[in-house]
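Enquirer: give me the fold of what follows.
(chains A and B)
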Amino acid sequence: MFVARSIAADHKDLIHDVSYDFHGRRMATCSSDQSMKVWDKGGNAEWNCTASWKTHSGSVWRVTWAHPEFGQVLASCSFDRTAIVWEEIVGESNDKQRGQSHWIKRTTLVDSRTSVTDVKFAPKHMGLMLTTCSADGVVRIYEAPDVMNLSQWSLQHEISSKLSCSCISWNPSSSRAHAPMIAVGSDDSNVTYGGKVQIYEYNEVTRKYAKAETLMTVTDAVHDIAFAPNLGRSFHVLAIATKDVRIFKLVPLRKDSSSSAPTKFEVQVLAQFDSHNSQVWRVSWNITSTLLASSGDDGCVRLWKANYMDNWKCTGILKGDGSPVSGQPGALSGILGSATAQRSFHLIWSKDYKVHCLPDLIFLSCLSDYLYILFL
Amino acid sequence: MSSGYKPDILWSPHHADRYVICDTELSLYRIGPAGSSETKAGALPLSEETAATLLAINSDTPYMKCVAWYPKHEPECLLAVGQANGRVVLTSLGQSHNSKCKELVGKEFVPKHARQCNTLAWNPVDSNWLAAGLDKHRADFSVLIWDISSKFSPEAVPAEKVRLSGDVDSGLVVTKPLYELGQNDACLSLCWLPRDHQKLLLAGMHRNLAIFDLRNTSQKTFVNTKAIQGVTVDPHFQDRVASFFEGQVAIWDLRKFEKPVFTLTEQPKPLTKVAWCPTRMGLLATLTRDSNIIRLYDMQHTPMPFGDEVEPTIIERSVQPCSESIISSFAWHPSAQNRMVVVSPNRVMNDFTVFERISLAWSSTTALMWACGRHLYECAEDAGQGVAATEKDIATKMRERAQSHYGHDTVQVWRNHVLAGGDDPQLRSLWYTLHYILHCSQYTENVEQKQQSNKQSLIYSGIKNIVKSSSGTTETRRCWSGSDRQTDVPRYHSEERSLALQLCGWIGRGPDIDVEPFLKSLEQEGEWERAAAVALFNLDIRRAIQILNKGASAEKGDLNLNVVAMALSGYTDEKNSLWREMCSSLRLQLKKPYLCIMFAFLTSEPGAYDAVLYESRVAVRDRVAFACMFLNDAQLPRYIDKLTNEMKEAGNLEGILLTGLTKDGVDLMESYVDRTGDVQTASFCMLKGSPGEVLKDPRVQCWIENYRNLLDAWRFWHKRAEFDIHRSKLDPSSKPLPQVFVSCNFCGKSISYSCSAMPHQGRGFSQYGVSGSPTKSKVTSCPGCRKPLPRCALCLMNMGTPVSSCPGTGKANEKADLTRDKKLAQFNNWFTWCHNCRHGGHAGHMLSWFRDHSECPVSACTCKCMQLDTTGNLVPSDSV
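Expert: You can find the predicted model right below:
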């Protein structure tokens, strides 16, 4: 089902974030080496690094792409207390012919007094808007009033969440029935009080963001948060990386449109997995929000999928070092591939399986507590 | 180091697979893959993959306080052991055959006054030098630097001292140190500075850290601090030193030694070990007493000064290497990335790797990229066939369906389910429903022009509304055909019910009510049971038997069908017959739902058909058709309502038959989209709706927008364009306006507008100046003012794109496509320009120019016209 392959990243320190562009043909990475790289997918499906430059004077935590409608625009945020908007230009040099592109700094957002921990562009339909959050608990929403001039950004909103912020996520729904909404996660490590995830909603009447919901059941530090692509659904789904993977469903309760009170939600926990055995670091949704990937301190990437009954199950575990395992991973995944064709079995890459074959059965036993039996 | 008898670990500096555990004795272990031939049966498992084998034990040196491993390659297994009486003994583990080793092993270095040896450190460069830190003894020195190569004490040693050591003759006792430092103090820990091997960092009892230079021992730089335990230098950043005291770790920069660069958050329990990771820049691991957690501090290598304050970046994490059990000590592996071995107080060892935190992202095409440490991994979905359809993600399904033109078959609408893969019963039902709806509406359009609007909307409004409007129901009691027995099964007829049956697909359009064509088609598809059931419900028992016989004799036929036929033929309407009794009890054991409902029908009382109506394995359309035939006007709407709500709640597309393409239908589709995310089906289905009605629903618009957005993200731009065309045919309001007009520089009129005003304009006008007629203008001049159009930057001829498909002629029917192709000029002749520098020319010329050049062909223009738009350089992924 999935085959992993390694890419020589050539960053000098930890890579903190990877981000695909809208089409999935470009990718940006950022690292503790204070630099960013942009990668383009070549015709042979290989990733080529087309730009690499020093961006900040501290670790670069996150990088994100704007919708291509606004041009080739990236935003990054760093420990150096700034967020920067970058734009690719075709300049005087012949960079592009050498396979290099040129990115210039359009603006530096210096409002934060502490490390800027996350940066996200708002959904396209809201215009060119950028959100940052910082360790001192402030969420800032900027807007570029003129999409042609990316050096002008005005600070539109400042939301104080009172807790050190670690991550933000916009609700991607473009439905007019859903007001703009942003979820903020906190990495505050004091577990004695909950509410490490707060959800703010834009109010048309007051023209301000107001708290719509606080997830009180989340008491541990939150490392990542991700709204699922809405895809015309009537509710919102939010994945949270904390000491476990949690998936929340937010069903907006009907309200009369004239009221200025924020939307009320019916909050349900769809799933909660502690199989990473420790802190969960990141969560990410696929485009249809039918697959969730999570990574944790167990060094594994796990894939989750729901069946039609909203039961979430792990459908794959991949070792984080990607190193294919002793033996021939290709051959093995081939076996697994054909086996999954007929039976729904999970597939695991790890160093510790042993394979026993019978005429029509394959036992894959792992030293951990799984035993997989595959029918051919 | 090892306080009490808690075991400590030491990795071999040269053998990546060996380490020593020291508590009361020294045990050398080799680590290897678990289960390999190398590791023997007695190996201790360290992790899922590795196990350790005990190689040697050395218990020659009692009262061990600290151990240090000789840093040079040869002799490889030489260790210095500091004892409780202050002596330092050289010992070895299983390497006694080595001559140089033999020479050294057993050598003792004895201080003048006996006191505990706290710490040992080999000089990293001059490996003969061994520094020992001792407790305080009056005014004596606490740091002695021994030269292990010294054969004996060069100067006279007090005889009694030598005698005390008990090894007078061997010449192995050395009592004269090379250097003595730290008078009148104790030394708790020390380390050599890798930047200058003559320098030594000491941590003394007098609450200070001091740096001594052996070249001038009288000089020292020192700083007062409580943090005097466990000084250790960052191997990657040689000016950075960590030391600790109680629960606090201080990080020092030796270049600014006055105060710590920063201190880490204090732990409630005293620390027992602090160690820099040898394989990662700035990663410090700390352990507190009686704890099962190792805390990791990831320090960014340039602590940045912000104005006057200094605020380093520290990412703090904690790991639990062996879940709940207490850790006594740990040691980083010298070369393996982020790996360590931890040992518990009872000597249980554990091989453990600290994983980097992985960040990850999905691409729009379901590829997963993640970054682990400094490396990137991409995991693309294997396009491989053979993955069962039920396993596929809806994103994959939608991509495949888009490529097979799913939803675009407007003639044989039912075929769309085949385009979707043909394996989803709900989609199958949906497209058949839409097929029948469109058929019926076309038929009524043709036949009953008069009441068209009323009936037309009724067809789209679903069976639920159709049966509600039902009136004038007649009741008939028919005989079983093919049997002359009278039946008392009442059957209901009305115009609306016939319409419902048509929508169910049981009967064809038109006035005649004949199920025979339907039965034939079912037979063709091999749906024998279903065909038999339909025949039976039409009270044709003989036909049902005939179908079953046919089914049994067909290829791969089920011979059991003959048995069923036999059972069927014994039908009797006698209330208390054995047949009836057996049938009603045995039918529950039938696996096939259609056989089940056949017998249920035969054994039910008229009007009480719950066993048929609520058999959920039977297709909704068959149950509804059955209900339309056999339920009376009171029962029918109730049943249909109930079923509709059930379908709506479940988001079951079979229910579209009941709801039609109404608001109810949108509700149903909403719960289907909520459940599956399949906006593709939702968009195509709603487009089929009666014009304008459901399409105005914001939810439907939202699905369509989302689907178009998906196609764009996948770079299925051709598919998106096709979808838009398809959409504008069915929903004319969605037609976009022309995006670009080219206006003449002189008169300001749109040149294409003028073109269309003159429909007879010649196309093949390649020669200029031949025009004689005033009504015709040259294509190279503005049709409005006759001024010439701009010149092509390359051929320097006036351009004249023979544009426009003449919208003035009106009929935009697709059959004209072919002729239009011919009419429209070759793409090479198209008028094109760069929106940035506004230079341009014939498209063909420009393309060929930019094949070899990056800059604009106009002199002195450096515009890189072709590279301005990155998206423009992307190739649509759905073009061949």
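Enquirer: ok, B:Ser329 - contacts?
Expert: B:2, B:6-9, B:272-273, B:287, B:342-343 (C-beta atoms under 8 Å, 6 or more residues apart in numbering or on different chains). For the C-beta atoms, the positions are set from N, CA and C on the backbone; glycine is no exception.
Enquirer: show me what it bridges to in the sheet.
Expert: In this structure, B:Ser329 bridges to B:Val343 when assessed by DSSP bridges.
Enquirer: now do it against B:Lys6, distance only.
Expert: Counting by C-beta to C-beta, to the nearest Å, the separation of B:Ser329 from B:Lys6 is 7 Å.
Enquirer: now A:Gly195
Expert: When distance is defined by C-beta to C-beta, A:Gly195 is 42 Å away from B:Lys6.
Enquirer: ok, B:Asp393 next?
Expert: Relative to B:Lys6, B:Asp393 is positioned 52 Å away (C-beta to C-beta).
Enquirer: likewise B:Val666?
Expert: The span separating B:Val666 from B:Lys6 equals 70 Å under the rule C-beta to C-beta.
Enquirer: those two: which is more packed in?
Expert: For B:Val666 versus B:Lys6, the count of surrounding residues by other C-beta atoms under 10 Å in any protein chain shown is larger for B:Val666: 23 against 20.
Enquirer: leaving out the residues flanking it, which one is nearest to the more buried one?
Expert: Taking C-beta to C-beta, 6 or more residues apart in numbering or on different chains as the measure, B:Val666 lies nearest to B:Asp697, with 5.1 Å between them; neighbours along the chain are not counted.
Enquirer: contact partners for that neighbour?
Expert: B:663, B:666, B:686.
Enquirer: A:Ile225 versus the closest residue to chain A within chain B, what's the distance?
Expert: Of all residues in chain B, B:Phe355 sits closest to chain A, with a separation of 2.8 Å (C-beta to the nearest C-beta). Noted for B:Phe355: a distance of 21 Å to A:Ile225, by C-beta to C-beta.
Enquirer: neighbour count winner among those two?
Expert: A:Ile225 (29 against 22).
Enquirer: the more buried one in helix, strand or coil?
Expert: strand (DSSP: H, G, I helix; E, B strand; the rest coil).
Enquirer: could I get the full set of strands for the stretch 251-400 of chain B?
Expert: Secondary structure of the stretch 251-400 of chain B (DSSP state E, counting those that start in this stretch): strands located at B:262-263, B:271-276, B:283-288, B:294-299, B:304-306, B:309-311, B:314-319, B:329-332, B:339-343, B:349-353, B:358-362, B:367-372, B:375-381.
Enquirer: let's see the pLDDT reported for residue 326.
Expert: Picking chain A for this. At A:Ser326, the predicted lDDT confidence score is 35.
Enquirer: wait, chain B was what I had in mind.
Expert: In the predicted model, B:Ile326 carries a pLDDT score of 87.
Enquirer: for it, what are its contacts?
Expert: B:Ile326 makes contact with B:290-292, B:344-345 under the criterion C-beta under 8 Å, 6+ apart.
Enquirer: secondary structure class for B:Tyr436?
Expert: B:Tyr436 carries the three-state label helix when classified by three-state DSSP.
Enquirer: which ones are touching residue 228?
Expert: Chain wasn't specified; assuming chain A. Shown in contact with A:Ala228 (C-beta under 8 Å, 6+ apart): A:236-239, A:285, A:289, A:292.
Enquirer: nope, chain B
Expert: With C-beta under 8 Å, 6+ apart as the criterion, the residues that contact B:Ile228 are B:188-189, B:203-205, B:207-209, B:243, B:245.
Enquirer: gap between the two ends of stretch A:223-234?
Expert: Taking C-alpha to C-alpha, to the nearest Å as the measure, stretch A:223-234 stretches 27 Å from start to finish.
Enquirer: pLDDT of it, averaged?
Expert: Averaging pLDDT along stretch A:223-234 yields 93.
Enquirer: ok, now stretch B:742-751?
Expert: Confidence over stretch B:742-751 (mean pLDDT, whole number) is 77.
Enquirer: which parts of it are buried?
Expert: Going by neighbour count (16 or more other C-beta atoms under 10 Å in any protein chain shown), the buried part of stretch B:742-751 is B:744, B:749-751.
Enquirer: residues touching that stretch, excluding its own?
Expert: B:741, B:752, B:782-785, B:787, B:789-790, B:803, B:831.
Enquirer: go again with 7 Å.
Expert: Identification of contacts with stretch B:742-751 by C-beta atoms under 7 Å, 6 or more residues apart in numbering or on different chains yields B:741, B:752, B:782-785, B:787.
Enquirer: could you give the residue of the stretch 151-300 of chain A that lies closest to chain B?
Expert: Counting by C-beta to the nearest C-beta, the stretch 151-300 of chain A gets nearest chain B through A:Gly299, at 2.8 Å.
Enquirer: okay then, goodbye and thanks.
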